[in-house]
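S.K.: Predicted model, plus sequence, below.
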Amino acid sequence: MLRPMTGGDREQVIGLIKATRFFLPDEIKVAEELIDIYLNQPEQQDYKIEVVEDQTGKVAGYITYGPTPLTEGTWDLYWIAVSPEVQSQGYGRLLVRHLEDEVKENGGRLVIIETSSQPKYLPTRKFYEKLGYREMARIPDFYRSGDDRVIFGKYLREKE
């Protein structure tokens, strides 16, 4: 089941972010801040956070996304994480396809995803490619020396 995140999901989501072992402490802190803003300031319209549950009702993954400010029809996938216990079972694909449907329903045309060039992110980059995303840009040494910012994108409708 895919649904908006609630306060009762907070600890499970933060736990699964940590369990992936992909994110540095400062990155986890940013994810927590976005979660707390989302949960405590429902009037904010900058982004949405949604979760997907496994068959037992446990949070299996989450996604944070929203329209890119000052653009027409461009959306960002800010965060996505799936519990290591259930990776490769389709939860990540379900979350991304849901984002794409949401973008289309809101007249969007382009989804942007940024990630790291570190070797541990190779499966993540391959995952995006399997979903039809392509590398559109790379900024060398962006995050730190030897760690490029890799920008993937996918047009959901033809350019106007």
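M.R.: Looks like it arrived, so ask away. The structure presented is a predicted model; accordingly, all values stated were derived computationally and were not measured.

S.K.: which residue ranges form the helices in this protein?
M.R.: 10-19, 25-40, 91-105, 122-130 (DSSP state H).

S.K.: Any buried residues in stretch 65-74, and which?
M.R.: 65-67, 73-74 (16 or more other Cβ atoms under 10 Å). C-beta here means a position set from N, CA and C on the backbone, and glycine is covered the same way.

S.K.: Just the residues contacting that stretch, thanks.
M.R.: For stretch 65-74, contacts defined as Cβ atoms under 8 Å, 6 or more residues apart in numbering pick out 45-48, 75-78, 99, 102, 106-112.

S.K.: for stretch 11-26, same thing?
M.R.: With Cβ under 8 Å, 6+ apart as the test, stretch 11-26 has contacts from 5, 28, 31-32, 35, 51, 58-62, 79, 81-85, 120-121, 124.

S.K.: which among the residues you listed end up buried?
M.R.: In the contacts of stretch 11-26, the ones that pass as buried (16+ other Cβ under 10 Å) are 5, 31, 35, 51, 59-62, 79, 81-83, 124.

S.K.: would you turn these into CSV with distance to V150?
M.R.: What follows is the buried ones among the contacts of stretch 11-26, written out as CSV (distance: Cβ to Cβ, whole Å):
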residue, distance to V150
M5, 27
A31, 19
I35, 24
V51, 26
V59, 27
A60, 25
G61, 21
Y62, 21
W79, 16
A81, 17
V82, 19
S83, 24
T124, 9
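
S.K.: Perfect, I'm done here.
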